[in-house]
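Engineer: got a sequence here, can you build the structure:
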Amino acid sequence: MVPRTCIFLFSFLILNLSIGATTFFNLSLPHQHPHPESVVQELKRRVNASISLRRETLTAPIINAAQSQCLTGNPIDDCWRCDPNWSSNRQRLADCSIGFGKGTTGGKGGRFYVVTDSSDRDTVSPAPGTLRHAVIQEEPLWITFQSNMVIKLKHELIINNDKTIDGRGANVQITGNGCVTLQYVSNVIIHNVHVYNCMPSGNTNIRSSPTHVGWRGRSDGDGISIFGSRNIWIDHCALSHCTDGLIDIIMGSTGITISNNYFAQHNEVMLLGHDDNYLPDSGMQVTIAFNVFGKGLMQRMPRCRRGYVHVVNNDYFEWGMYAIGGSAGPTFNSEGNRYSAPADPSVKEVTKREGVSEGEWSNWNWRTEGDVLVNGAFFVPSGEGVSVKASSVEAKSATLIDQLTMNAGVLGGQRDNSGSVSNGGGTPRSGGNGGEDDFGMVFGSGAALLTPSLPPPTTVFLSLLIILILYITTKHGGLQ
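Structural biologist: Numbers count the residues shown, from 1 in each chain. Sure thing, here's the model as predicted:
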C-alpha cells in the first residue's frame, strides 16, 4: 500500500492544482485584458483631459462659440462631434471608443454600404440594399442609412464580423421579431439607433453570412444579444420595451463598452454572464459609461455573474427593485455615478447580491467611489478593506453628471418616458449644489486598486477525487 503520507501529499498537490486552475479561469478568455485596472485608469485620464479642455475653452479670452457649445467633457462625443464635417469623416468614430471596448474598429477601413430599403422580407436571401443584406457580408463595412426608416424585423438580425451600424444623420428604428444578435463575432459598433418592442421568434432558417444558412431556435426577445463575442461597442442607442433583456452579454463575451445610451420602460435591463457555473465568464470585462437609466426600469442595471464591470459616470433615475446586482463573485467598480433612489423606502439600496449569505459576498470586490447618492440611496460595498456599509449622502454636485450624459440616447432623437416621449437632448436635473470644480465627484480621491474576485474551487470534484484515491489505495494495494 502507498503510505498515508503519500496519499496526503498527493491530495494536497491536487488541491493546489485546482486552485491554480481556478486562478487560470480568471484569465480564461484569449482576448481578456490582463490588467483591467490600467483600462480604468486610462478612462479616467480621457475624461479628465476632456473636462480640462472644456474648461480651458470656456475661460479663454476669446471664446470659440462653436467649440464651447460642442465640448461636453464626454471624451467619446468630444472626439468627433466638434468636427463640422464629421459626416465626411464618419469612420473617425472608430477612434473614439473607451474602456474595455477601446480598439473596436467595426467596419473601419472598409467600404460604405448605404441601406436604402427598410424591408426584411426574406431571412435566407435578403435583398440588396436592406440592413440584413449589409450585416451578413464577410468584408468590413461601414453601414449608413439613406433616410429615416423603421426596420421591422421578420426574425433576429445576425451580424457578421467587422461591421459598423451608423445611424447618424437619420432616424433609424429597429423593432419586431428577434432584434439584434452578435454571436461568436468581433469588431462590431452599433451607433445611434433606436431598438424597441423586440419579441421572441425563431424556429426558422436565417442567413448569417453569404455562405452559411442555419436553423435558429426560438430567441428570447432581447434588444441586443451578445453571445461569445469580443470587441463590441454599443453607443448612443435608445432601448426600451423588449420581451427579455435590453442588452444581454453572455457565454464568454469580453472587451465590451456600453456608452451614451438611454434605457427606459423595462424590467430586466442588462444581464452580464450566462450562468453562475460558467467559468469562462470570469474573463468578461465590460465598461458601462455615460448612460442614462431613465424612467420605468426595475432591475439589472446591470446584473452580473462573474467578470469585471466598470460602472462610471452614469445617471440612474430611480429603479423598481435595485440598480446593480450580481452573483458568483463579480467585481464591480462604481465611480462617479448618480444613484437617485425611488420614493419607496423598501428599495433604497443600490446593490443586491443574489442567493448568497453575507459571509460569502463580503469577500466580493464591490467598490463605490465618488458616487452621488440621492433621496436616501445607499450602496453596500464589500471586499478587502471594507468594514462598514456605505450610507446615503447629500449630493455634492450634479453638474458634471448632467454634462457628461446630456446627449445620452439617439442624438437628436426622442426618449421614452412613461408612455410619453421627451426630446433626447435631455434637461439637466439638479442633484446638489456646486460647480464644475468638483473632480472628486467624478472619480473620488483614488481608492485602492481592485482585484477580481476569485471563484471558489471545485470542492465536489476534489472530494470525489480524494475518495477515489483512498479507495484505490486501501482496496487494491495502492497505486500501480
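Engineer: only C-alpha atoms for contact and neighbour calcs from this point on.
Structural biologist: Will do.
Engineer: show me which helix or strand of this structure is least confident by mean pLDDT.
Structural biologist: Within the chain, confidence by mean pLDDT, DSSP states H and E is lowest for strand 420-423 among all helices and strands, at a mean of 33.
Engineer: helix or strand right after the helix or strand hosting residue 334?
Structural biologist: Assessed by DSSP states H and E, residue 334 sits inside strand 331-335. Sequence order places strand 338-340 as the next helix or strand after strand 331-335, per DSSP H and E.
Engineer: quick check: what element follows that following strand along the chain?
Structural biologist: Stepping forward along the backbone from strand 338-340, the first helix or strand reached (DSSP H and E) is strand 351-353.
Engineer: okay, now the closest residue to residue 265 other than its chain neighbours: neighbour count?
Structural biologist: Nearest residue to residue 265 in three dimensions, chain neighbours excluded: residue 296, at 4.1 Å (Cα to Cα, 6 or more residues apart in numbering). Applying other Cα atoms under 10 Å, we find 21 other residues in the vicinity of residue 296.
Engineer: and residue 110, by the same measure?
Structural biologist: Quick note: residue 110 (other Cα under 10 Å) scores 16 neighbours.
Engineer: can you check residue 35 too?
Structural biologist: Residue 35 has 9 neighbouring residues, counting by other Cα under 10 Å.
Engineer: now the helix ranked longest in the chain, how far from the centre of its chain.
Structural biologist: The longest helix of the chain (DSSP state H) is helix 36-59. Computed by Cα atoms, centre = their mean, to the nearest Å, the chain-centroid distance of helix 36-59 equals 20 Å.
Engineer: list the buried residues of that helix.
Structural biologist: 36-37, 39-40, 43-44, 46-48, 50-51, 53-55, 57-58 (16 or more other Cα atoms under 10 Å).
Engineer: list the contacts for the closest residue to residue 218 other than its chain neighbours?
Structural biologist: Using Cα to Cα, 6+ apart and skipping the chain neighbours, the partner closest in space to residue 218 is residue 202 (4.2 Å). By Cα atoms under 8 Å, 6 or more residues apart in numbering, residue 202 lies in contact with 155-156, 178, 216-219.
Engineer: cool, and residue 218?
Structural biologist: Applying Cα under 8 Å, 6+ apart to residue 218 gives the contacts 200-203.
Engineer: of these, buried ones?
Structural biologist: 200-202.
Engineer: tell me which of the residues you listed is nearest to residue 246?
Structural biologist: residue 200 (12.7 Å; Cα to Cα).
Engineer: distance of that closest one relative to residue 302?
Structural biologist: For residue 200, the distance to residue 302 (Cα to Cα, to the nearest Å) stands at 21 Å.
Engineer: next one: residue 122
Structural biologist: Residue 122 is 34 Å from residue 302, by Cα to Cα.
Engineer: list the contacts of residue 318.
Structural biologist: By Cα under 8 Å, 6+ apart, the residues touching residue 318 are 294-295, 297, 339-342.
Engineer: repeat for residue 126
Structural biologist: Going by Cα under 8 Å, 6+ apart, residue 126 touches 120, 132-133.
Engineer: residue 237 now?
Structural biologist: Residue 237 makes contact with 190-195, 260-262, 408-410, according to Cα under 8 Å, 6+ apart.
Engineer: which PyMOL command selects the buried ones in the contacts of residue 202?
Structural biologist: The PyMOL command for the buried members of the contacts of residue 202 (criterion: 16+ other Cα under 10 Å) is given here:
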select buried, resi 155+156+178+219
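Engineer: closest one to residue 141 out of the contacts of residue 202, please.
Structural biologist: Set against residue 141, the nearest of the contacts of residue 202 by Cα to Cα is residue 156 (19.6 Å).
Engineer: state the distance from the nearest residue to the closest one once chain neighbours are set aside to residue 415.
Structural biologist: In this structure, residue 156 finds its nearest non-sequential neighbour in residue 178, 3.8 Å apart by Cα to Cα, 6+ apart. For residue 178, the distance to residue 415 (Cα to Cα) stands at 22 Å.
Engineer: try residue 68
Structural biologist: As judged by Cα to Cα, residue 68 and residue 415 stand 25 Å apart.
Engineer: again, but for residue 149
Structural biologist: 17 Å.
Engineer: which of the two has more neighbours?
Structural biologist: Remark: of residue 149 and residue 415, residue 415 carries more neighbours, 26 against 17, as counted by other Cα under 10 Å.
Engineer: partners of that one in the sheet?
Structural biologist: With DSSP bridges as the criterion, residue 415 is bridged to residue 422.
Engineer: do residue 367 as well
Structural biologist: Here residue 367, judged by DSSP bridges, has bridge partners residue 333.
Engineer: surely it is in contact with residue 334?
Structural biologist: Yes - counting by Cα atoms under 8 Å, residue 334 is a contact partner of residue 367 at 5.8 Å.
Engineer: rewinding a little: distance check, the residue nearest to residue 156 against residue 195.
Structural biologist: 11 Å.
Engineer: got any residues that touch both of those two?
Structural biologist: Residues touching both residue 178 and residue 195 (Cα under 8 Å, 6+ apart) are residue 223.
Engineer: contacts only, for residue 405.
Structural biologist: Shown in contact with residue 405 (Cα under 8 Å, 6+ apart): 74, 260, 290-292, 313-315.
Engineer: pick the one among those residues closest to residue 96.
Structural biologist: Nearest to residue 96 among the contacts of residue 405, with distances taken as Cα to Cα, is residue 74, at 10.6 Å.
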